[in-house]
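Undergrad: Sharing a model prediction with you, sequence too.
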Amino acid sequence: MSKDKPILIEISDPEESPAEAPAVPELGESSALQSTARYMAKPTSRLAKWFWGSLLAFLGFGLSIAAWNFVTGLIEQNVVLGYVAAGLLGIFLIVLLIVALKEIAGFVRLGRIDSLQKEAAHAYAAADLKPAQDVVSRLERLYANRPETEWGQARLNDRKDEQLDADALLAFAENEILAPLDDMARLEIEATARQVATVTAFVPIALADVFAALSLNLRMIRRIAEIYGGRAGFLGSWRLTKVVMAHLVATGAVAVGDDMIGSIAGGGVMSKISRRFGEGVINGALTARVGVAAMETCRPLPFVAKKRPGVTKLVQRALTGLFS
């Protein structure tokens, strides 16, 4: 065949349009964060709860019997050593009781935030002034001893009677009381995103960035909960993390492909830095997503009067100058 002869390409289905073509798959993301989010978002089955509950009860019962037999046997052999062991066991039980009380108090604080969120959603939906006033009163009591909200609470007390509808009252309370707390949470997210990006970019050890990102994200979630008054213990933090991850999966916030990647790539950053630096930016952006989800989960009022922080702006502020 001559090289100058034109080539005819036959179209098998001329009626097919570009709109009918299959969708382009979304850009993949950090498998560690995605897998962790989806794993923690799965609800625990009732059989698993019974299994772990019965196992812990059996182990606790066995350890209690073993400790009792050890102390009583030691008293029969040597009275002094036996009473020393009994005293140490008593101290341990007291500390264990204090830890249990702190865990219960943490769950109570988280439950208070949850109930306030539900009441606020009901007040917005019903557009009724009386439920909105109840929500604002509970919000004032929740942050009564917080110095960050003193000025806002004073303004709220002076002008809340001027608000004649539920939306205006809740929006006024959101602007006056939650604004400084939102700023603190935003700074916490930016600091954590900066740390995750730095560790990913400059630590060449395999899996070190994964463990660092997970630990820093868990600490950030707990810190954001403390900012909004939901400080919890170990078990409460684990429950809170599951709720945040479930929120991420439910809202599709772990998908990478919005303006976050476009803004980073459009600015020419990804084309000028190395692969590790690029991974650092992506992991920092994913950390910012987790932080925003934690804010939405721990915040007593939804983002209505104030705009929810954008991931793009958080990443830009967190990483300004880091990779320049």
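TA: Arrived safely.

Undergrad: report the longest helix in this protein, please.
TA: helix 79-126 (DSSP state H).

Undergrad: Which neighbouring elements make contact with it?
TA: Contacts defined by 3 or more C-beta pairs under 8 Å, 6 or more residues apart in numbering; DSSP states H and E place helix 79-126 against helix 46-77, helix 129-142, helix 166-173, helix 234-251. Every C-beta, even on glycine, is put in place using the N, C-alpha and C of the backbone.

Undergrad: And the contacts of the shortest one?
TA: Translated: helix 166-173. 120, 123-124, 126-129, 131-133, 135-136, 139, 156, 159-160, 163, 301, 304-305 (C-beta atoms under 8 Å, 6 or more residues apart in numbering).

Undergrad: Show me what counts as buried in the next helix or strand along the chain from that helix.
TA: Going down the chain from helix 166-173, the next helix or strand is helix 179-202, by DSSP states H and E. Buried residues in helix 179-202, counted by 16 or more other C-beta atoms under 10 Å: 180-182, 185-186, 188-190, 192-201.

Undergrad: again, but for stretch 56-74
TA: 71, 74.

Undergrad: contacting residues for the closest residue in space to Ile113 that isn't next to it in sequence?
TA: In space, Ile113 comes closest to Gly230 once its chain neighbours are excluded; the distance is 4.6 Å by C-beta to C-beta, 6 or more residues apart in numbering. The contact partners of Gly230, by C-beta under 8 Å, 6+ apart, come to 109-110, 112-113, 240, 298.

Undergrad: which ones are touching Ala197?
TA: 280-281, 283-284, 287, 318-319, 322.

Undergrad: Among those residues, which one sits closest to Glu150?
TA: Ala318 (28.7 Å; C-beta to C-beta).

Undergrad: For whichever helix or strand that closest one is part of, name the packing helices and strands.
TA: When elements are assigned from DSSP H and E, Ala318 belongs to helix 311-319. For helix 311-319, the packing partners by 3+ C-beta pairs under 8 Å, 6+ apart come out as helix 179-202, helix 259-266, helix 275-298.

Undergrad: closest one to Phe234 among those?
TA: helix 275-298 (17.0 Å).

Undergrad: Output the closest one in CSV with nothing but the alpha carbons.
TA: Only the C-alpha atoms of helix 275-298 are listed here, as CSV (Å, rounded to 0.1, in the frame of the first residue of the first chain):
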residue,chain,number,x,y,z
ARG,A,275,6.6,13.3,43.8
ARG,A,276,7.0,13.3,47.6
PHE,A,277,6.1,17.0,47.7
GLY,A,278,3.0,16.3,45.6
GLU,A,279,2.0,13.5,48.0
GLY,A,280,2.5,15.9,50.9
VAL,A,281,0.1,18.5,49.3
ILE,A,282,-2.5,15.8,48.7
ASN,A,283,-2.3,14.3,52.2
GLY,A,284,-2.5,17.8,53.6
ALA,A,285,-5.6,18.5,51.6
LEU,A,286,-7.2,15.2,52.8
THR,A,287,-6.4,16.2,56.3
ALA,A,288,-8.1,19.5,55.8
ARG,A,289,-11.2,17.5,54.6
VAL,A,290,-11.2,15.5,57.8
GLY,A,291,-10.9,18.7,59.8
VAL,A,292,-13.9,20.3,58.1
ALA,A,293,-15.9,17.1,58.7
ALA,A,294,-14.9,17.2,62.4
MET,A,295,-16.1,20.8,62.6
GLU,A,296,-19.5,19.9,61.1
THR,A,297,-19.7,16.9,63.5
CYS,A,298,-18.7,18.8,66.7
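
Undergrad: which stretches of the stretch 151-300 of the chain have low pLDDT?
TA: 206, 233, 236, 247-276 (pLDDT under 70).

Undergrad: ok, back up a step: make TSV out of the helices and strands packed on helix 311-319 and add distance to Leu218.
TA: Listed next are those as TSV, based on distance: least, C-beta to C-beta, whole Å:
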stretch	distance to Leu218
helix 179-202	10
helix 259-266	22
helix 275-298	9
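
Undergrad: I'd like to know which of those is closest to Phe51.
TA: Phe51 sits nearest to helix 275-298 of all the helices and strands packed on helix 311-319, at 27.7 Å, using C-beta to C-beta.

Undergrad: name the helices or strands packed onto that closest one?
TA: helix 31-41, helix 179-202, helix 208-227, helix 234-251, helix 259-266, helix 311-319.

Undergrad: right, and these - which one's nearest Leu63?
TA: Here helix 234-251 is closest among those (C-beta to C-beta), at 18.7 Å.

Undergrad: measure Glu150 to Glu119 for me?
TA: Glu150 sits 24 Å away from Glu119, going by C-beta to C-beta, to the nearest Å.
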